[in-house]
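Student: Sharing a sequence plus its predicted fold:
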Amino acid sequence: MRYSLFLIAIFGLTLFACGEKPSEEIAQKKWYKGNLHTHSYWSDGDNYPEMIMDWYKSHDYDFVVLSDHNTLAAGEKWKLIPKSPSHEMGFQKYLDKYGDEVVYREDSAGRIEVKLKTLSEYRPMFEEKGEFLIIQSQELTESFEKKPLHMNVTNIQKLIPAEGGSSVSEILQNGLDRVKAQRDSTGVPMFLHINHPNFIWAITPEDMIELNGERFFEVYNGHPQVNNYGDSLRPSMEVLWDKVQSAYLRANKPLLYGLAVDDAHNYHVFDQNSSNPGRGWVMVLAKDLNPESLIEAMEQGDFYATTGVTLSSIDFDGKTLYVEVEPEPGVDYTIQFFGTKKSAPEESGLLLEEVSGIKADFTLEANDMYVRAKIISSKPKENPYQLGDTEVAWTQPVVSN
């Protein structure tokens with residue numbers, strides 16, 4: 001059973017009032033805000049790890065990753081700073097902020113090269129126990145017939161190289177299998193999630209339906225080129241989610257959970273044409289701010305994805321899903337419940353109910369395969385993925401016990 005913070009606190013107070021000590025199972029958890037997909041100069045981002053960590057920490061994130069393409073921030077790497085006003089200005093800001101800690105050199109043509117800090121070097125500058133956590137990650141980057149196949153590995157311990165394959169689904173499955181093998185061999189919890197399936201229309205629902213062991217994918221990605229909303233011929237990420245979900249449950253596979261990420265690459269110019277930080281994130285209800293607790297909570301579905309809407313309570317008692325918003329003044333909210341009927345699995349992702357207000361609940365009936373909630377606000381999204389976007393949130397799907 002998933003407990004909201006409110007329910008946990010009340011239950012704990014009740015037990016104390018009766019003279020009983022609350023058990024470890026109902027010990028109060030906390031919501032932690034995190035981003036699981038972002039980039040730096042270690043691959044194709046346009047800023048230094050320290051500047052990026054400073055941005056997330058100063059914007060109230062609790063945990064973050066740098067998921068650079070097929071690389072971990074280890075060893076020696078020098079970055080030649082591009083000759084552009086924004087990059088040169090970025091270097092000057094970096095130099096002004098960190099001064100003597102910046103290692104750089106100038107070549108005969110006046111070009112600047114900067115020695116990038118490794119994870120082991122920049123992690124101690126920002127991490128604080130219980131306050132801010134940096135998790136090692138890699139964007140496992142493959143391709144098949146010019147289709148970009150990208151998968152993030154959260155809490156990876158050893159680099160996984162690209163190895164190719166004979167189809168989209170085979171390459172994705174190879175990634176899943178290699179992450180599982182590393183998890184099993186190290187005993188360290190980690191997971192792979194599928195990135196932006198609609199980026200260059202690379203990954204179809206059918207590709208994902210073939211997979212075994214996939215638990216997470218990006219229902220929202222803030223990069224302007226990822227086609228979150230589909231088009232007249234291809235599905236949006238939410239339509240894909242429901243189609244794959246229905247197929248997974250019919251095949252007795254685990255639930256598929258949806259992430260929101262910003263996939264930031266650009267930190268100097270903020271506009272609709274740039275891939276900026278702060279567009280999407282996850283809120284995880286966990287015991288502690290460490291990789292083990294966060295991954296355990298996420299694998300249980302104890303998190304939601306959001307572009308700005310904050311939820312004060314999510315609870316599922318095995319039959320009824322309860323959702324409550326932490327409202328902002330002057331903002332209206334609509335709570336939608338989506339699911340699929342067992343009698344018509346081909347009609348996946350039906351709108352089952354819609355409620356205006358800050359709280360709603362939905363009780364699964366015998367014919368309901370699963371239900372998930374989407375919360376839509378009237379508040380315009382700051383620096384949106386697409387003009388006209390408002391802030392939204394997605395809960396994870398649940399099935400009846």
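Tutor: Ah, there it is.

Student: From now on I want contacts and neighbour counts done on CA atoms only, so please keep to that.
Tutor: Will do.

Student: show me where the stretch 301-401 of the chain has helices.
Tutor: Counting by DSSP state H, counting those that start in this stretch, one finds no helices in the stretch 301-401 of the chain.

Student: Could you pull out the strands in it for me?
Tutor: 303-306, 311-316, 320-325, 333-341, 350-356, 359-363, 368-380, 390-395 (DSSP state E, counting those that start in this stretch).

Student: helices or strands next to the first one in the packing?
Tutor: Strand 303-306 makes packing contacts with strand 257-261, strand 281-286, strand 390-395 when contacts are defined by 3 or more Cα pairs under 8 Å, 6 or more residues apart in numbering; DSSP states H and E.

Student: which one of those is the most hemmed in?
Tutor: Highest mean neighbour count of those: strand 257-261, a mean of 26 (counted as mean count of other Cα atoms under 10 Å).

Student: got a list of contacts for that one?
Tutor: 35-37, 215-222, 241, 279-282, 301, 304-307, 394, 396-397 (Cα atoms under 8 Å, 6 or more residues apart in numbering).

Student: want to try JSON lines for the helices and strands packed on strand 303-306, with distance to residue 349 and mean pLDDT as columns?
Tutor: Output for the helices and strands packed on strand 303-306, formatted as JSON lines (distance: least, Cα to Cα, whole Å; pLDDT from 0 to 100):
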{"stretch": "strand 257-261", "distance to residue 349": "14", "mean pLDDT": "99"}
{"stretch": "strand 281-286", "distance to residue 349": "22", "mean pLDDT": "98"}
{"stretch": "strand 390-395", "distance to residue 349": "13", "mean pLDDT": "98"}
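
Student: Contacts made by stretch 172-180 with the rest, please.
Tutor: Taking Cα under 8 Å, 6+ apart as the rule, stretch 172-180 contacts 140, 149, 151, 153, 156, 160, 190-192, 211-214.

Student: picking up where we left off before, output the strands of the stretch 301-401 of the chain in CSV; the columns should cover distance to residue 174.
Tutor: Shown next, in CSV, are these (distance: least, Cα to Cα, whole Å):
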stretch, distance to residue 174
strand 303-306, 27
strand 311-316, 34
strand 320-325, 35
strand 333-341, 30
strand 350-356, 32
strand 359-363, 38
strand 368-380, 28
strand 390-395, 29
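
Student: Single out the most deeply packed of those strands.
Tutor: strand 303-306 comes out most buried of those by mean count of other Cα under 10 Å, with a mean of 26.

Student: ok, back up a step: mind giving me the PyMOL select for the contacts of strand 257-261, buried ones only?
Tutor: Command for PyMOL, covering only those of these found buried under the criterion 16 or more other Cα atoms under 10 Å:
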select buried, resi 35+36+37+215+216+217+218+219+220+221+222+241+279+280+281+282+301+304+305+306+307+394+396+397
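
Student: Skipping adjacent residues, who's closest to residue 335 in space?
Tutor: Excluding the flanking residues, the one nearest residue 335 by Cα to Cα, 6 or more residues apart in numbering is residue 375, at 4.6 Å.

Student: what's the answer for residue 303, then?
Tutor: Excluding its sequence neighbours, the residue lying closest to residue 303 (Cα to Cα, 6+ apart) is residue 284, at 4.2 Å.

Student: ok, what's across the strand from that neighbour?
Tutor: On the basis of DSSP bridges, residue 284 takes part in beta bridges with residue 32, residue 303.

Student: Quick check: it vs residue 194, distance?
Tutor: Distance from residue 284 to residue 194, counting by Cα to Cα, to the nearest Å: 19 Å.

Student: ok, now residue 329?
Tutor: To residue 194, residue 329 is 36 Å away according to Cα to Cα.

Student: Show me which of the two is the more surrounded one.
Tutor: residue 194 (25 against 5; other Cα atoms under 10 Å).
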